[in-house]
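# Provided below for reference: sequence and predicted model.
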Amino acid sequence: PLVSMTEMLNKAKEEHYAVGQFNINNLEFTQAILLAAEEEKSPVILGVSEGAGRYMGGFNTVVKMVEGLMEDYQITVPVAIHLDHGTSLENCKKAIDAGFTSVMIDASHHPFEENIEITTNVVEYAHSKGVSVEAELGTVGGQEDDVIGEGIIYADAKECQELVQRTGIDCLAPALGSVHGPYQGEPNLGFKEMEEIGNTTGVPLVLHGGTGIPTHDIKRAISLGTAKINVNTENQIASAKKVREIFAADSKVYDPRKYLGPAREAIKETVIGKMREFGSSGKA
Ligand code: G3H
Ligand code: ZN
C-alpha cells in the first residue's frame, strides 16, 4: 500500500536497519524499484526530485503511474512517494495535492529562522493530510538537479535539536559530509555529530548521497540512528552502463524495449543489493 514514511522509518530506527529512497526518472526506474521491493519483501521510498517530476510530466503523472504499477504488479509492501529536495512550500503543497505521501522541504540554504518558518508551514499542511515531512540542515556536497551544494557544510547539532522540536518534522537529514553524485576519494562522514544528533533529536536520520558510501560507513550510520538512505546516481550509472553495452554490441538496435528492458533489470539488481546492504529485506 501507499503510505507515509513515518511508520516505516520509526520501525527501521527501532530495529536498526535503513529504508532506501531510490529516485525515479521514468517508467523503467519505477518498475525496477517496485519489483525489487516486492521480491525482497522490503519497504521502499520512491524519491522524486522536482526536476524528475517535471521530466515525467508532472506530479499527477507520477502518482498515477505509481498507483497503476502497484495495482498491476500487486505490490503488497509499504511504498512511499516522496518529494526529494522540495524547494518551496508551494511545491510541497502541489506534490501533496497530487497524492504524494511524503515530502522533503530543503530550506537548508536559508538562514536558520527562515528554515524553521518554511518547514513549520510545510509540516502544518502535510500533517493535516497524513503526509510525512523530512527537513535538512547543513549542505550536502555535489549537485543534484537544481540543488547545487556550495561545498560541504556540516549540520550543527544544537540547530538540529531546535529544528526538530520547533517544527515537528518526522525525520531529519543533517548534512555531515555526504555528497550527491560520485565521491572524490573516500567520504568523510561526521559520525560523532551523527550520534549526537540522533540522540538529541530522537527522530530517524536521513543520509543523502548514498552512492559510493562504503558498506562499513553505511553500517555505522545505521547503528547511530540513520533509518533512510538516498540512492540515485548508482542506479543511473547501472542503467546507462547496460544501454552502452547493448549499443556497443549491436549498432542496429532501435526498439526501446531491447535496451530499456535490460536497463530496468540492471536497476532492479542494484536496488536489491542496496536493500540487502541496508538490512530492509524481509522487513515489510
Ligand atoms: O536525494 C537524493 C540523493 O541524496 C541521492 O544521492 O545520487 O549520490 O546517490 P546520490
Ligand atoms: Zn539528496
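In hand now; what should we look at? Ligands and ions are numbered 1, 2, ... in the order given.
# Can you name the residues that contact the residue nearest to K241 when sequence neighbours are not counted?
Leaving out its chain neighbours, the residue that sits closest to K241 by Cβ to Cβ, 6 or more residues apart in numbering is A266, at 7.0 Å. Just so you know, the C-beta spots here come from the backbone N, C-alpha and C atoms, and that holds for glycine as well. Shown in contact with A266 (Cβ atoms under 8 Å, 6 or more residues apart in numbering): A238, S239, K241, K242.
# before we move on, which element is the third one in?
Secondary structure assigned from DSSP states H and E places K241 in helix 233-249.
# Now do the buried residues in whichever helix or strand comes after that helix.
Note on helix 233-249: by DSSP H and E, the next helix or strand toward the C-terminus is helix 256-278. For helix 256-278, the neighbour count (16 or more other Cβ atoms under 10 Å) marks 259-260, 262-268, 270-272, 274-275, 277-278 as buried.
# and what of stretch 55-62?
Buried, per 16+ other Cβ under 10 Å, within stretch 55-62: Y55, M56, F59, V62.
# In the stretch 101-250 of the chain, where is pLDDT below threshold?
144-150 (pLDDT under 70).
# Up against ligand 2, what does it have?
For the stretch 101-250 of the chain, the contact set with ligand 2 under Cβ under 5 Å from the ion comprises H208, N230.
# residue in the stretch 101-250 of the chain nearest to ligand 2?
Across the stretch 101-250 of the chain, the shortest distance to ligand 2 (Cβ to the ion) belongs to H208, at 3.4 Å.
# Let me see the contact set for E7.
Applying Cβ under 8 Å, 6+ apart, we find E7 in contact with P78.
# From V19, how far out is it?
11 Å (Cβ to Cβ, to the nearest Å).
# right, and V133 touches I105 too?
Yes. The pair V133 / I105 is scored as a contact, 6.5 Å apart, by Cβ atoms under 8 Å.
# Which one's more surrounded, these two?
Between V133 and I105, counted using other Cβ atoms under 10 Å, the more crowded position is V133 (30 against 27).
# which SS class is the more buried one?
Here V133 is strand, with the state taken from DSSP: H, G, I helix; E, B strand; the rest coil.
# ok, now how distant is it from M65?
Taking Cβ to Cβ, one finds V133 at 23 Å from M65.
# Could you pull out the strands in this protein for me?
Counting by DSSP state E, the chain has strands at residues 19-23, 44-49, 79-86, 102-105, 132-137, 141-144, 147-148, 171-174, 179-180, 205-207, 226-231.
# of those strands, which approaches F112 most closely?
Evaluated with Cβ to Cβ, those place strand 132-137 nearest to F112, the distance being 8.2 Å.
# mind listing what that closest one pairs with, with the direction of each?
Taking DSSP bridges as the criterion, strand 132-137 forms sheet pairs with strand 102-105 (parallel), strand 171-174 (parallel).
# Packed most tightly, which of those strands would that be?
Among the strands paired with strand 132-137, the stretch with the highest mean neighbour count (mean count of other Cβ atoms under 10 Å) is strand 102-105, at a mean of 30.
# and that strand, anywhere near ligand 1?
No. Strand 102-105 lies out of reach of ligand 1 by Cβ under 6 Å from any ligand atom, never closer than 7.8 Å.
# Would you pull up how far that strand lies from the middle of the chain?
10 Å (Cα atoms, centre = their mean, to the nearest Å).
# Name the surrounding residues that touch it.
Strand 102-105 has contacts (Cβ under 8 Å, 6+ apart) with 4-5, 45, 80-86, 89, 92, 95-96, 118-119, 122, 126, 131-136, 173.
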